[in-house]
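S.K.: Below are the sequence and a predicted model; questions follow.
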Amino acid sequence: MDDRLYRNVMGSFATGVTVITTKVADVVHGMTANAFMSVSLNPKLIAVSIGANAKMHHHIKYSKKFAINILSSNQLKESKQFSGQLQSETEITFVNYNGLPILEDTLAVVTCELHSEYVVGDHTIFIGQVTGAKIEQKDPLLFSQGKYRELKELQI
Ligand code: FAD
(Lines give C-alpha, C1' and ligand atoms only; values in the text may rest on other atoms or scores of the structure.)
Protein backbone atom coordinates (compact mmCIF):
# COMPACT_ATOMS: atom_id res chain seq x y z
CA MET A 1 0.00 0.00 0.00
CA ASP A 2 1.20 3.50 -0.82
CA ASP A 3 2.33 5.31 2.39
CA ARG A 4 1.05 8.71 1.18
CA LEU A 5 -2.38 7.28 0.40
CA TYR A 6 -2.51 5.65 3.84
CA ARG A 7 -1.56 8.92 5.59
CA ASN A 8 -4.21 10.79 3.59
CA VAL A 9 -6.87 8.25 4.55
CA MET A 10 -5.96 8.46 8.26
CA GLY A 11 -5.75 12.26 8.04
CA SER A 12 -9.29 12.42 6.71
CA PHE A 13 -10.55 11.44 10.18
CA ALA A 14 -11.22 14.88 11.73
CA THR A 15 -10.11 15.38 15.33
CA GLY A 16 -9.69 18.00 18.00
CA VAL A 17 -6.17 19.05 18.95
CA THR A 18 -4.52 18.62 22.35
CA VAL A 19 -1.23 19.62 23.93
CA ILE A 20 0.09 17.04 26.39
CA THR A 21 1.96 18.70 29.28
CA THR A 22 4.08 17.29 32.07
CA LYS A 23 6.93 18.31 34.35
CA VAL A 24 10.23 16.49 34.89
CA ALA A 25 12.77 17.83 37.42
CA ASP A 26 10.95 21.18 37.48
CA VAL A 27 11.13 21.57 33.67
CA VAL A 28 7.81 21.80 31.83
CA HIS A 29 7.43 19.90 28.53
CA GLY A 30 4.60 20.07 26.02
CA MET A 31 3.70 18.21 22.81
CA THR A 32 0.84 18.59 20.33
CA ALA A 33 -1.18 15.38 19.88
CA ASN A 34 -4.47 14.45 18.23
CA ALA A 35 -4.27 10.68 18.87
CA PHE A 36 -6.33 11.06 22.05
CA MET A 37 -9.51 9.32 23.14
CA SER A 38 -11.67 8.46 26.09
CA VAL A 39 -11.34 4.73 26.86
CA SER A 40 -13.46 3.98 29.94
CA LEU A 41 -16.00 5.85 32.09
CA ASN A 42 -15.80 3.63 35.18
CA PRO A 43 -12.93 3.78 35.97
CA LYS A 44 -12.23 7.01 34.09
CA LEU A 45 -9.42 6.21 31.64
CA ILE A 46 -8.09 8.03 28.57
CA ALA A 47 -5.48 7.05 25.96
CA VAL A 48 -2.86 8.96 23.99
CA SER A 49 -0.62 7.45 21.31
CA ILE A 50 2.92 8.86 21.22
CA GLY A 51 5.61 8.14 18.66
CA ALA A 52 8.76 6.37 19.87
CA ASN A 53 10.91 9.27 18.61
CA ALA A 54 9.00 11.97 20.51
CA LYS A 55 10.73 13.27 23.63
CA MET A 56 7.36 13.30 25.39
CA HIS A 57 7.51 9.50 25.28
CA HIS A 58 10.38 9.57 27.82
CA HIS A 59 8.98 12.48 29.83
CA ILE A 60 5.74 10.60 30.59
CA LYS A 61 7.60 7.40 31.48
CA TYR A 62 9.61 9.42 33.99
CA SER A 63 6.97 11.75 35.47
CA LYS A 64 4.18 9.13 35.43
CA LYS A 65 1.56 11.89 35.25
CA PHE A 66 0.43 14.28 32.54
CA ALA A 67 -2.28 16.72 31.50
CA ILE A 68 -4.26 16.76 28.26
CA ASN A 69 -4.99 20.36 27.23
CA ILE A 70 -7.87 20.34 24.71
CA LEU A 71 -7.22 23.40 22.56
CA SER A 72 -9.75 26.11 21.74
CA SER A 73 -10.12 27.63 18.27
CA ASN A 74 -7.91 30.59 19.25
CA GLN A 75 -4.94 28.34 20.08
CA LEU A 76 -3.57 27.59 16.63
CA LYS A 77 -0.25 29.16 17.63
CA GLU A 78 0.07 26.88 20.66
CA SER A 79 -0.58 23.82 18.49
CA LYS A 80 2.15 24.91 16.08
CA GLN A 81 4.60 25.76 18.86
CA PHE A 82 4.22 22.40 20.61
CA SER A 83 4.61 20.48 17.35
CA GLY A 84 7.83 22.33 16.51
CA GLN A 85 6.26 24.14 13.51
CA LEU A 86 7.08 27.72 14.53
CA GLN A 87 10.25 29.46 13.35
CA SER A 88 10.35 31.75 16.37
CA GLU A 89 8.80 30.39 19.53
CA THR A 90 7.23 32.57 22.21
CA GLU A 91 7.50 32.00 25.93
CA ILE A 92 4.43 30.15 27.17
CA THR A 93 2.81 30.78 30.54
CA PHE A 94 1.76 27.63 32.35
CA VAL A 95 -0.53 27.53 35.36
CA ASN A 96 -0.74 24.81 38.00
CA TYR A 97 -3.77 22.49 38.09
CA ASN A 98 -3.85 19.33 40.19
CA GLY A 99 -0.07 19.44 40.55
CA LEU A 100 0.51 19.62 36.78
CA PRO A 101 1.42 22.50 34.44
CA ILE A 102 -1.42 23.36 32.06
CA LEU A 103 -1.96 25.97 29.34
CA GLU A 104 -4.16 29.03 29.81
CA ASP A 105 -7.32 29.64 27.70
CA THR A 106 -7.91 26.00 26.72
CA LEU A 107 -11.35 24.58 25.96
CA ALA A 108 -10.87 21.78 28.51
CA VAL A 109 -8.24 19.98 30.57
CA VAL A 110 -7.91 16.41 31.84
CA THR A 111 -5.19 15.51 34.34
CA CYS A 112 -4.01 11.91 34.68
CA GLU A 113 -1.73 9.52 36.46
CA LEU A 114 -0.07 6.92 34.26
CA HIS A 115 -2.18 3.75 34.50
CA SER A 116 -0.46 1.53 31.92
CA GLU A 117 1.38 1.64 28.61
CA TYR A 118 1.44 -0.54 25.52
CA VAL A 119 4.12 -0.50 22.84
CA VAL A 120 2.26 -0.88 19.54
CA GLY A 121 4.42 -0.73 16.43
CA ASP A 122 6.33 2.57 16.38
CA HIS A 123 4.06 4.23 18.97
CA THR A 124 3.28 3.69 22.66
CA ILE A 125 -0.30 3.97 23.87
CA PHE A 126 -0.27 5.58 27.31
CA ILE A 127 -3.39 4.97 29.39
CA GLY A 128 -4.11 7.69 31.93
CA GLN A 129 -6.26 7.36 35.05
CA VAL A 130 -8.17 10.63 35.25
CA THR A 131 -7.53 12.70 38.40
CA GLY A 132 -9.25 15.93 37.36
CA ALA A 133 -11.20 17.58 34.55
CA LYS A 134 -12.46 21.06 33.74
CA ILE A 135 -14.12 22.79 30.80
CA GLU A 136 -14.78 26.36 29.57
CA GLN A 137 -17.39 27.76 27.19
CA LYS A 138 -15.24 27.85 24.02
CA ASP A 139 -15.14 26.33 20.53
CA PRO A 140 -12.61 23.57 19.75
CA LEU A 141 -9.64 23.78 17.40
CA LEU A 142 -10.04 21.05 14.75
CA PHE A 143 -7.55 19.23 12.50
CA SER A 144 -8.45 17.41 9.31
CA GLN A 145 -6.73 16.64 5.99
CA GLY A 146 -3.54 18.33 7.22
CA LYS A 147 -5.26 21.65 7.98
CA TYR A 148 -6.53 23.44 11.07
CA ARG A 149 -10.25 24.15 10.99
CA GLU A 150 -13.14 25.56 13.01
CA LEU A 151 -16.41 23.94 14.01
CA LYS A 152 -19.51 24.72 11.96
CA GLU A 153 -22.95 23.60 13.15
CA LEU A 154 -25.07 21.99 10.42
CA GLN A 155 -28.83 22.16 10.32
CA ILE A 156 -31.35 20.25 8.22
P1 FAD B 1 9.98 18.70 21.64
O2 FAD B 1 10.50 18.55 20.26
O3 FAD B 1 10.90 18.84 22.79
O4 FAD B 1 8.85 19.74 21.77
C5 FAD B 1 7.97 20.05 20.70
C6 FAD B 1 7.90 21.56 20.58
O7 FAD B 1 7.29 22.10 21.76
C8 FAD B 1 9.27 22.22 20.45
O9 FAD B 1 9.24 23.17 19.40
C10 FAD B 1 9.48 22.88 21.80
O11 FAD B 1 10.22 24.07 21.75
C12 FAD B 1 8.06 23.17 22.28
N13 FAD B 1 8.01 23.12 23.74
C14 FAD B 1 8.12 22.01 24.53
N15 FAD B 1 8.07 22.37 25.82
C16 FAD B 1 7.93 23.72 25.86
C17 FAD B 1 7.82 24.68 26.92
N18 FAD B 1 7.89 24.32 28.21
N19 FAD B 1 7.63 25.99 26.61
C20 FAD B 1 7.57 26.38 25.30
N21 FAD B 1 7.70 25.53 24.24
C22 FAD B 1 7.88 24.21 24.53
N23 FAD B 1 2.86 13.05 17.56
C24 FAD B 1 2.52 11.93 18.26
O25 FAD B 1 3.41 11.18 18.68
N26 FAD B 1 1.22 11.63 18.56
C27 FAD B 1 0.18 12.41 18.14
O28 FAD B 1 -0.98 12.12 18.44
C29 FAD B 1 0.51 13.59 17.38
N30 FAD B 1 -0.48 14.38 16.94
C31 FAD B 1 -0.18 15.52 16.26
C32 FAD B 1 -1.22 16.36 15.83
C33 FAD B 1 -0.97 17.52 15.14
C34 FAD B 1 -2.12 18.41 14.71
C35 FAD B 1 0.39 17.88 14.86
C36 FAD B 1 0.68 19.16 14.12
C37 FAD B 1 1.44 17.06 15.29
C38 FAD B 1 1.18 15.87 15.99
N39 FAD B 1 2.20 15.02 16.43
C40 FAD B 1 1.89 13.88 17.12
C41 FAD B 1 3.61 15.34 16.18
C42 FAD B 1 4.29 15.97 17.42
O43 FAD B 1 3.56 17.10 17.91
C44 FAD B 1 5.73 16.46 17.03
O45 FAD B 1 6.45 15.38 16.48
C46 FAD B 1 6.46 17.06 18.25
O47 FAD B 1 7.46 17.94 17.79
C48 FAD B 1 7.14 16.04 19.13
O49 FAD B 1 7.59 16.71 20.27
P50 FAD B 1 8.62 16.09 21.30
O51 FAD B 1 7.93 15.36 22.39
O52 FAD B 1 9.69 15.35 20.57
O53 FAD B 1 9.16 17.36 22.06
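M.R.: That came through fine.
S.K.: Which parts of the chain are helices?
M.R.: 3-11, 55-63, 76-81 (DSSP state H).
S.K.: Out of those, flag the one nearest V119.
M.R.: helix 55-63 (10.1 Å; CB to CB). Placement of C-beta: from N, CA and C, glycine included.
S.K.: pLDDT of the closest one, averaged?
M.R.: What helix 55-63 shows for mean pLDDT is 96.
S.K.: Does it pack against any helices or strands, and if so which?
M.R.: strand 18-24, strand 27-33, strand 45-51, strand 108-120 (3 or more CB pairs under 8 Å, 6 or more residues apart in numbering; DSSP states H and E).
S.K.: List of residues touching it?
M.R.: Contacts to helix 55-63, defined as CB atoms under 8 Å, 6 or more residues apart in numbering, come from residues 20, 22-24, 29, 31, 33, 50-51, 66, 114, 117, 124, 126.
S.K.: do it and the ligand meet?
M.R.: Yes. Using CB under 6 Å from any ligand atom, helix 55-63 reaches the ligand at 55-56.
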